[in-house]
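[1] this is a predicted model, with the sequence first.
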Amino acid sequence: MTWIKRIGILLTWLVVLIGGALALISSQSVREKRPLKGYEIRIQNPDNQAFLIEEDLADILQQAGAPWDSVSRKEINIPMLEENLRKHPLVLGAEVFSTWEGVVRIEIVQKEAKARVINDLEMMYVDKEGHLFPLSAHASAAVPVISGVSDSTQRVKALRLLEQAAQHPAFPGGWTAVARNEKGNYSAYPAWHPHRLDWGWPNEFEDKAHKAHALYAQLLQKKSLDSLEWLDVRFAGQVVYGFND
């Protein structure tokens, strides 16, 4: 009697599972054939960086058949649409799906600028990975400027310097710009006071920042900080500096 009862229970579960699978397949088929009711697009812009707007993606959407009114979902090549959206130079990520109500949802994540890179006459933004992307026609970001860098490795090193400066008490507001020369030495321009900071190689940040911080305090006490024009922290155990004439 026990084994017969067990077989009955197993058969019952089997019927339930098969029925559920068939219902899911059926509902998916209905969803694929149901006429769509247009689309909605949402763009996630970083704070104060609304570089990308819906009109910038209009050509890509139209080529995919937008606005998809009264067509079935299976007529949209969603993987290809996502791929084409991701190819836009301001797009970091894209996801496309349709709701049960028949609306095509498009989720876009915009790239975030960490700095502005200037090389010769070219100007572009750079993200946290050191990848470049173009400026926007709709907005401009208040980010530091990097110059003299020629590849992603150099850009990442410059970004790291900017990140460290923004977190150090010696530099309230961080640095507004950092420049690399042909020898690989860096110069920086603190936001809180108009002077040049000759940093040298992008290493020993804490030691160099401590030396700069100590000098700022000393000059502030002597009431001569306003005249500071440049400061060199490249040398071990000392700082060199100069004043405006």
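    That came through, no problem.
[2] for the residue most central in space within the chain, which non-adjacent residue is closest in space?
    To find the centre residue of the chain, average its C-alpha atoms and take the closest one (CA atoms, centre = their mean): that gives residue 112, at 3.0 Å. Of all residues beyond its chain neighbours, the one nearest residue 112 is residue 46 (4.1 Å), with distances taken as CB to CB, 6 or more residues apart in numbering. Every residue, glycine included, has its C-beta placed from N, CA and C.
[3] let me know the secondary structure of that neighbour.
    Following DSSP: H, G, I helix; E, B strand; the rest coil, residue 46 is assigned to coil.
[4] show me the strands in the chain, by range?
    Using DSSP state E, the strands of the chain run over 35-37, 39-44, 69-72, 91-98, 104-110, 115-119, 122-126, 132-133, 145-147, 175-180, 186-190, 196-200, 228-232, 240-243.
[5] check which helices and strands the third one is in contact with.
    Applying 3 or more CB pairs under 8 Å, 6 or more residues apart in numbering; DSSP states H and E, one finds that strand 69-72 makes contact with strand 35-37.
[6] go on, the second one?
    Contact partners of strand 39-44 among helices and strands, from 3+ CB pairs under 8 Å, 6+ apart: strand 104-110.
[7] and the strand it packs on, which strands flank it?
    The strands that strand 104-110 pairs with in its sheet are strand 39-44 (parallel), strand 91-98 (antiparallel) (by DSSP bridges).
[8] pull the distance from the first one to the chain's centre.
    Right, strand 39-44. Relative to the mean C-alpha coordinate of its chain, strand 39-44 is positioned 18 Å out (CA atoms, centre = their mean, to the nearest Å).
[9] quick check: mean pLDDT of that strand?
    Averaged across strand 39-44, pLDDT comes to 96.
[10] can I get the CA coordinates of that strand in CSV?
    C-alpha atoms of strand 39-44 as CSV (Å, rounded to 0.1, in the frame of the first residue of the first chain):
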residue,chain,number,x,y,z
TYR,A,39,8.0,51.6,-26.2
GLU,A,40,9.4,53.4,-23.1
ILE,A,41,13.0,54.4,-22.7
ARG,A,42,14.8,55.3,-19.5
ILE,A,43,18.3,56.7,-19.4
GLN,A,44,20.3,56.5,-16.2
